[in-house]
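Trainee: Quick one: sequence plus predicted model below, questions after.
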Amino acid sequence: MNMLKRFDPLMAKLLQKEEDRQRNTLGLIASENYASPLATFLEGSVFTNKNTEGYPGKRFVGGCEFADDVENLAIERLKLLFGCEHANLQAANATIGNISILRGLLQQGDTILSMSLSHGGHLSHGAAFHVSGKMYNVVQYGVNQETERIDLEEVRKLAEEHRPKIIVCGASSYPRLIDYAGFAAIAKSVGAFLWVDIAHDVGLVAAGVIPSPVPHADVVSFSTQKTLRGPRGCGVILCRQELAGKIDRAVFPNIQGGPKMDMIAARAVLFKECMSEEFKLYSKQVLRNAQALAKGCLSQGMRLITGGTETHLIVADVTALIPSGKEAEDVLNSVGIVTNKNMIPFDPLPPNISSGIRIGSPFLTTRGVKEKEMYDIGVLVGRALQNHNQPDILEKIRKQVAEIAAKYPLFADEWLPKER
Ligand SMILES: *Cc1c(COP(=O)(O)O)cnc(C)c1O
């Protein structure tokens, strides 16, 4: 750090500012977390120097004997953790992993049935502006307008009408559990693959606190930086053995060159951490904290999409309190509560304005916050929105936020896995 300060004081200052920002604010972005220090330690290690194009035992360069052991270790741990038949963790991020799945299993022009982005799906599931939307014939389902939940009857009708080659479920802003067995039955009845993208709630699946899609799906994909609490990057793909060759060839050499071996080493440690008792306790706390946060928000008159949550995240319609999600995000940021604007189902406002915000519990749970304070933070969110035109009240809220943030480290000691 001292060397950096001397050589590049500008960068050293920006690094310090970002650390202070993370420390002094309350992070509620549902897709963020504070990464495991142990796993992060492996990123930037000597494994970053190694080119390892190819797969263990089949590399295109020499000197890969220890890299092979590392990648095999990560894969074995994935199999143990998720009970899957095959795993690939070379994709640089989950979006690239998702493109690889489509490239591996489909021909250009084939039909995908997926959840629409505006109802909670992900852009890599065939959004019109994304490469996945340009290469394939995309048909999308949404949520039911009354229940705001996925309607399997609608999915079945669309599947029977359009005969997709692949059906996708798993979302970025859907607060309810998904009926994987129901999706699998529909996929089977029309001869489609079922691909489940658990980028968001994978940590909860790994900890066994919500159901796993692995027994029902042909392919499961996820990121590692959200509820799994790893460093940013890495797209993991789990699949049935008979699809292994297609998936592996799609990631390399179809989409990528050599993988980032330090990223893979870091994930091997991360997956071991995910098997620990501490991670199970952490994940249970994530769920309890999301419930408490939801109650706090509800107490201030916010309307929650589907009425609440069964996961780590909440989508709230803020328009009873403030004109838009964009303004909500800005006001909350001004008091030190970091969130993101989010479309709500059937949103009358455009995506860059939107009627809602999405918030979640993973980051603050990592910092050590428990239910009582999560409830209070939900109340502060609601109060800041109600009083968005009252600078004096916002200033008081800003002080309260700073006081709460000052009590917590970035990564609470209680979640560090015990030495074994
Ligand atoms: C976040 C997310 C991704 C993308 O993850 P990146 O690693 O940022 O590319 C993919 N799918 C879903 C459902 C997500 O929520």
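Mentor: Arrived safely, thanks for sending.
Trainee: Please count neighbours and contacts with C-alpha atoms only from this point.
Mentor: Noted.
Trainee: The residue nearest the centre of the chain and the ligand, how far apart?
Mentor: Note on the chain: the residue nearest the mean C-alpha position is His200, at 2.9 Å, using CA atoms, centre = their mean. The gap separating His200 from the ligand is 5 Å, by CA to the nearest ligand atom, to the nearest Å.
Trainee: got the contact list for that residue?
Mentor: 31, 171-172, 222-223, 226-227 (CA atoms under 8 Å, 6 or more residues apart in numbering).
Trainee: of these, list those near the ligand.
Mentor: Residues of the contacts of His200 in contact with the ligand (CA under 6 Å from any ligand atom): 171-172, 223.
Trainee: Contacts only, for Asp151.
Mentor: So Asp151 contacts 142-144 (CA under 8 Å, 6+ apart).
Trainee: let's see 7 Å
Mentor: 143-144 (CA atoms under 7 Å, 6 or more residues apart in numbering).
Trainee: what's the answer for Ala244, then?
Mentor: So Ala244 contacts His86 (CA under 7 Å, 6+ apart).
Trainee: starting at the chain centroid, how far to the helix or strand hosting it?
Mentor: If you go by DSSP states H and E, Ala244 is part of helix 244-249. Chain-centre distance of helix 244-249: 24 Å, with CA atoms, centre = their mean, to the nearest Å.
Trainee: Quick one: mean pLDDT for the next helix or strand after it?
Mentor: Using DSSP H and E, the helix or strand that directly follows helix 244-249 along the chain is helix 261-274. Here helix 261-274 scores 98 as its mean pLDDT.
Trainee: Buried members of the contacts of His200 into ChimeraX, please.
Mentor: In ChimeraX, this line selects whichever of the contacts of His200 come out buried by 16 or more other CA atoms under 10 Å:
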select :31,171,172,222,223,226,227
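Trainee: Adding secondary structure and pLDDT as columns, could you present the contacts of His200 in TSV?
Mentor: Shown next, in TSV, are the contacts of His200 (DSSP: H, G, I helix; E, B strand; the rest coil; pLDDT from 0 to 100):
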residue	secondary structure	pLDDT
Ser31	coil	97
Ala171	coil	97
Ser172	coil	97
Phe222	strand	98
Ser223	strand	98
Lys226	coil	98
Thr227	coil	98
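Trainee: now, among the contacts of His200, which is nearest to Thr365?
Mentor: Thr227 (10.3 Å; CA to CA).
Trainee: how close does the closest one sit to Ile29?
Mentor: 11 Å (CA to CA, to the nearest Å).
Trainee: With Glu154 instead?
Mentor: Shown here: Glu154 relative to Ile29, a distance of 30 Å by CA to CA.
Trainee: out of these two, which sits in the busier spot?
Mentor: Ile29 (22 against 14; other CA atoms under 10 Å).
Trainee: Report the contact partners of the more buried one.
Mentor: 338-340, 358-360 are the contacts of Ile29 under CA under 7 Å, 6+ apart.
Trainee: let's see it at 8 Å
Mentor: Ile29 neighbours (CA under 8 Å, 6+ apart): 338-340, 358-360, 363.
Trainee: So which of those belong to helices?
Mentor: Among the contacts of Ile29, DSSP state H puts Phe363 in helices.
Trainee: wait, doesn't Leu364 sit right on Asn24?
Mentor: No - using CA atoms under 8 Å as the test, Leu364 is too far from Asn24 to be in contact (11.9 Å).
Trainee: neighbour-wise, which of the two wins?
Mentor: More neighbours surround Leu364 than the other of Leu364 and Asn24, with 26 against 21 (other CA under 10 Å).
Trainee: rewinding a little: gap between the residue nearest to the centre of the chain and Pro362?
Mentor: 10 Å.
Trainee: Now the common contact residues for the two.
Mentor: 226-227.
Trainee: What's the first helix or strand after the lengthiest helix in the chain?
Mentor: If you go by DSSP H, the chain has its longest helix at helix 277-299. Tracing the chain past helix 277-299, the next element assigned as helix or strand by DSSP H and E is strand 303-304.
Trainee: and the helix or strand immediately after that next one in the chain, anywhere near the ligand?
Mentor: Using DSSP H and E, the helix or strand that follows strand 303-304 in sequence is strand 313-317. No - applying CA under 6 Å from any ligand atom, one finds strand 313-317 separated from the ligand by no less than 11.2 Å.
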